[in-house]
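Colleague: Requesting a structural model of the entry that follows:
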Amino acid sequence: MEQLFSYGTLRSKEIQRQVFNRILIGKPDQLLGHKLKSLQIEEEFGMADYVVVVPSADASDIIHGVVFDVSNADLAKVDIFESNSYKRVRVKLKSGTEAWIYMEN
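Modeller: Next comes the predicted model:
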């Protein structure tokens, strides 16, 4: 199993059903030394507002999110779901868990 840290749309049960065809069970965690940045992505019906993780100069900045246990096949589905504005990288969370996260590309 892999761990995926979600701070945005992947926490939505509706999106989870769409991407994974099931609801994921997760546990709260935090990413330190990063912040959220606004991002506009062009979608089928126009521009949509999202957020993306970027490194912060302030080590005390925290992003709250949820860690999900996922398979490699699940990660491949998320790779397709996320736009080219995001890239998947490994990070160490406050709990010590190493997880995949989608950051600014």
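Colleague: show me where pLDDT drops low in the protein?
Modeller: For the chain, residues meeting the criterion pLDDT under 70 lie at 40-48.
Colleague: quick one: the strands in it?
Modeller: In the chain, the strands defined using DSSP state E lie at 2-6, 26-32, 34-43, 46-55, 62-70, 86-92, 98-104.
Colleague: which other helices and strands contact the fifth one?
Modeller: Think strand 62-70. Where contact means 3 or more Cβ pairs under 8 Å, 6 or more residues apart in numbering; DSSP states H and E, strand 62-70 is packed against strand 2-6, strand 26-32, strand 34-43. All C-beta spots, glycine's among them, are computed from the backbone N, C-alpha and C.
Colleague: Repeat the analysis, applying 10 Å as the threshold.
Modeller: Strand 62-70 is packed against strand 2-6, helix 13-20, strand 26-32, strand 34-43, strand 46-55, helix 72-81, strand 98-104, with contacts defined by 3 or more Cβ pairs under 10 Å, 6 or more residues apart in numbering; DSSP states H and E.
Colleague: How about the last one?
Modeller: Taking 3+ Cβ pairs under 10 Å, 6+ apart as contact, the helices and strands that strand 98-104 lies on are strand 2-6, strand 26-32, strand 34-43, strand 46-55, strand 62-70, helix 72-81, strand 86-92.
Colleague: what inclination does the shortest one have with respect to helix 13-20?
Modeller: To tie it back to what came earlier, the one meant is strand 2-6. 140 degrees (axes from the mean of the first three to the mean of the last three Cα atoms, to 10 degrees).
Colleague: coming back round to it: could you dump the helices and strands packed on strand 62-70 to CSV with distance to Ile62 and mean neighbour count?
Modeller: What follows is those, written out as CSV (distance: least, Cβ to Cβ, whole Å; neighbours: other Cβ atoms under 10 Å):
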stretch, distance to Ile62, mean neighbour count
strand 2-6, 12, 21
helix 13-20, 23, 14
strand 26-32, 5, 16
strand 34-43, 8, 13
strand 46-55, 11, 13
helix 72-81, 23, 13
strand 98-104, 14, 18
